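Novice: sequence and predicted model, in that order:
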Amino acid sequence: MFEFTQEAVVADEKRTDLRLHPRSMQGYATVELKRETWSISELEAALHDQLVGQYLLHEKCRVGCLLICQRVQKQWRNPEGGKMWGLQEVVVHLQTQANDLMSRNPDLLVSVKGIDYS
């Protein structure tokens, strides 16, 4: 069983988009929602600074997800040059960064997902 809450205060008076409370665990997980209107650099900042740098600092929150919701088809400029990226390439790019963050902070579990509902 799970309970969901929205906009709950966490570390430094910051508010997450969604919190997932599994009844079988002491802590909770946070989900940070972003739209396709965000650039790759803004999504990277959301992952590093907001999700990991703020929300996952709370002692009861060590699990988080950056969820990119795409209502309109979009292509992002590849930060390394080359062809434009779709949602799946952006998710892979950000998950690679999340994996690096987890390797440096083994008590964290961070996932990046994308939902295309265009």
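Specialist: Looks like it came in fine. Predicted model, so just to flag it, every value in this text is computed and none were measured.
Novice: thought Pro79 was touching Ile40?
Specialist: Yes - using CB atoms under 8 Å, Pro79 is in contact with Ile40, at 5.5 Å. In this view, the C-beta of every residue, glycine as well, is placed from N, C-alpha and C.
Novice: okay, now the sheet partners of the helix or strand harbouring Ile68, with direction.
Specialist: For Ile68, the element it lies in under DSSP states H and E is strand 61-70. Take DSSP bridges as the rule and strand 61-70 pairs in its sheet with strand 28-35 (parallel), strand 109-116 (parallel).
Novice: give the buried residues for the last one.
Specialist: Judged by neighbour count (16 or more other CB atoms under 10 Å), strand 109-116 contains these buried residues: 110-112, 114.
Novice: quickly list what the nearest residue to Val91 once chain neighbours are set aside is bridged to.
Specialist: Using CB to CB, 6 or more residues apart in numbering and skipping residues adjacent in sequence, the residue nearest Val91 is Gly114, 4.4 Å away. Beta-bridge pairing for Gly114 (DSSP bridges): Ile68.
Novice: and the residue most central in space within the chain, how far from Gln26?
Specialist: Central residue of the chain (CA atoms, centre = their mean): Leu66, 1.5 Å from the mean position. Per CB to CB, to the nearest Å, Leu66 is found 23 Å from Gln26.
Novice: likewise for Lys60?
Specialist: Lys60 is 7 Å from Gln26, by CB to CB.
Novice: for Thr37, same thing?
Specialist: 36 Å.
Novice: rewinding a little: which neighbours do Pro79 and Ile40 have in common?
Specialist: Common contacts of Pro79 and Ile40 (CB atoms under 8 Å, 6 or more residues apart in numbering): His93.
Novice: okay, those two: which has more neighbours?
Specialist: Set Pro79 next to Ile40 and count neighbours by other CB atoms under 10 Å: Ile40 wins out with 16 against 13.
Novice: wait, the more buried one touches Gln75, no?
Specialist: No - with contact defined as CB under 8 Å, Ile40 does not count as touching Gln75 (11.0 Å).
Novice: what is in contact with these two at once?
Specialist: By CB under 8 Å, 6+ apart, the residues touching both Ile40 and Gln75 are Trp85.
Novice: noted, bye for now.
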